[in-house]
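> Structure here, sequence nowhere to be found:
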């Protein structure tokens, strides 16, 4: 079935350059058995039925075939190459975008938009509006008073004219007329309203008294003018003199306080300082790397990238990232260190993070992580703390390492995401947080030991992932796990459980000592020779991925007539036996160490080995 699939792939037209590994999901359309957990017999193609293979195995083989076709395009597809973080090397449209992005960020820093408090509620604004409403009332009252003042002034003008006429004409009768009282009454009212003391008008002359002389009239005229001048001064106060109600008075007194506050010159605020992942924004070239991550996450749409940056800064403050980094003991002793852990680097130097979801088959571990909301929240905080600590170890220079390789092991997790409600909720929440707040931190997502059901699951979550994110996906079934990992990570850096040579404890070899890779053909015997010239202890280690191969070792001296020494008697080693075989032999003469590997299976095998001589 696998061969038939490959043949079909070779005859099909080549996909465009942007076709990526994530396109393995169309397998669901080709084989209807993959789309349902319990396929009906009539949906299985006749070619498959004749082979008498389980639907699960057929689905995995088909997934591997599609992944293999996509893997062949990795070297040709630009989407799998990390773009440069050096601004000078960017295309002109991207240079323009990052310049605009920097300008927006600088303006936001100047205005303190990143740390500005939320806007006040609407209630205070309504109160101010209410306070501003009574302002027209004093104006109306002032208008009425102004009319009264005009009446007083008119009466004064007429009084002056009468007095002028009286100063010229001499009255014929000896009895003087009383001064006109109506004109003074409005003045008294205005004075009473303003609560100011006004000198009383002169007493009227009684009729029994003799008529005043011209000199006395002149004196009375002078006194009347003085009184009128006093009245005019009182009745024409400044603009704020009219008496008002207590509420109006309080409203008049408040604005001067506000005006005084406004009059005090405020010192210009320095731009705020905002750091993210330990890197201050716009501080140096490292911040260019940060900004480029946001731009790439939003396809270089500047406004969208700026909105994302502001949301991330706000979320980090709300989530309490800085305080979370200082917390100790989250997840210690819970077994989570077996689920997510960092181990080695890939061929380009990216740190590699392994996620072993199959560990949640342990019921106790599962309950400790997802039994209730509080535990799920603690698990999420532990996961974010782990990621934050890993990111802080990145370089962040334009030519440095700024991303991580994620390896997701789906072994022993059939239906785990589909039927474990608590884990599915926690995983979806974590996935959403990572995608929204950690843009472009993953160089590649490698899924290994992919079971048959993951095709349907990947198709379900695929619409929620961006095209850029899906372009980094690589899938490998159980039989292709080690081979796929070796494309990106050297064998000495791959954990032993995934087919590599890296294991815990003190070993004869370090990750700095490279291993050799070879392929053992099906139903064939292969030998590996290590020439030995200098005296000392010769050590070696070998591994066959999946084993089921017979292994033996011997020393063959260079001198004629020398005796061959059997170092390791030939024996068959199965997958459950020790994954890496180590050997040593003390050299007393020149010769060679010969390893013999006999592959009697019908499948090719991956062989790894390395050696060295230690001086005694």
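Nice, thanks for sending it over. What you see is a predicted model, and the numbers here were worked out from it, not measured in a lab.

> Neighbours of residue 294, how many?
Here the count is done by other CB atoms under 10 Å, and residue 294 has 23 residues near it. In this view, the C-beta of every residue, glycine as well, is placed from N, C-alpha and C.

> Find the nearest non-adjacent residue to it, please.
Nearest non-adjacent residue to residue 294, counting by CB to CB, 6 or more residues apart in numbering: residue 305, 4.3 Å away.

> now residue 385
Residue 385 sits nearest to residue 324 (CB to CB, 6+ apart), 5.3 Å away.

> Verify the contact between the one you found and residue 389 for me.
No. Applying CB atoms under 8 Å as the test, residue 324 and residue 389 come out as separate, 9.9 Å apart.

> quick one: which of the two has more around it?
Neighbours per residue, other CB under 10 Å: of residue 324 and residue 389, the larger number sits with residue 324, 16 against 12.

> Contacts only, for the more buried one.
Residue 324 makes contacts with 381, 384, 385, 388, as judged by CB atoms under 8 Å, 6 or more residues apart in numbering.

> Go again with 10 Å.
Going by CB atoms under 10 Å, 6 or more residues apart in numbering, residue 324 touches 316, 330, 381, 382, 384, 385, 388, 389.

> how far away is it from residue 380?
For residue 324, the distance to residue 380 (CB to CB, to the nearest Å) stands at 11 Å.

> repeat for residue 568
Distance from residue 568 to residue 380, by CB to CB: 50 Å.

> and residue 357, how many neighbours does it have?
Neighbours of residue 357 under the rule other CB under 10 Å: 20.

> pretty sure it contacts residue 409?
Yes. Counting by CB atoms under 10 Å, residue 357 touches residue 409, with 6.7 Å between them.

> Quickly list what's touching both of those two.
339, 449.

> Check what pLDDT residue 181 gets.
Here the pLDDT value assigned to residue 181 is 47.

> let's have the chain start at 280 instead
Fine by me, first position is 280 from now on; the one you just mentioned is residue 460.

> With distance to residue 388 added, can I get the contacts of residue 603 in a markdown table?
Shown next, in a markdown table, are those (distance: CB to CB, whole Å):
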| residue | distance to residue 388 |
| --- | --- |
| 595 | 16 |
| 609 | 32 |
| 660 | 29 |
| 661 | 32 |
| 663 | 26 |
| 664 | 28 |
| 667 | 23 |
| 668 | 27 |
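
> Give me the subset of those lying in strands.
Nothing among those maps onto strands, per DSSP state E.

> quick revisit: which elements pack onto the strand or helix carrying the residue nearest to residue 573?
With secondary structure defined by DSSP states H and E, residue 584 is part of helix 581-598. Contact analysis of helix 581-598 by 3 or more CB pairs under 10 Å, 6 or more residues apart in numbering; DSSP states H and E lists helix 371-389, strand 554-555, helix 564-576, helix 600-605, helix 652-670, helix 700-716 as its packing neighbours.

> tell me the most buried of those?
Stretch with highest mean neighbour count among the helices and strands packed on helix 581-598: helix 564-576 (a mean of 21; mean count of other CB atoms under 10 Å).

> Show the average pLDDT along that helix.
pLDDT averaged over helix 564-576 gives 95.

> and the angle for that helix with helix 700-716?
120 degrees (axes from the mean of the first three to the mean of the last three CA atoms, to 10 degrees).

> orientation of helix 564-576 relative to helix 581-598 in degrees?
Going by the same axes, to 10 degrees, helix 564-576 makes 110 degrees with helix 581-598.

> Any idea which of the helices and strands packed on helix 581-598 gets closest to residue 678?
helix 564-576 (9.6 Å; CB to CB).

> Now do the closest one and helix 371-389, the angle between them.
110 degrees.

> Run through the neighbouring helices and strands of helix 564-576.
Under the contact definition 3+ CB pairs under 10 Å, 6+ apart, helix 564-576 sits against helix 371-389, strand 554-555, strand 558-559, helix 581-598, helix 746-749.

> Now mean pLDDT too, for these, in CSV please.
Shown next, in CSV, are the helices and strands packed on helix 564-576 (pLDDT from 0 to 100):
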stretch, mean pLDDT
helix 371-389, 95
strand 554-555, 94
strand 558-559, 94
helix 581-598, 96
helix 746-749, 79
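
> In a markdown table, list these along with distance to residue 762.
Below are these laid out as a markdown table (distance: least, CB to CB, whole Å):
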| stretch | distance to residue 762 |
| --- | --- |
| helix 371-389 | 36 |
| strand 554-555 | 38 |
| strand 558-559 | 38 |
| helix 581-598 | 37 |
| helix 746-749 | 22 |
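
> pLDDT below threshold where in this protein?
Along the chain, the parts satisfying pLDDT under 70 run over 280-360, 395-547, 611-612, 693-698.
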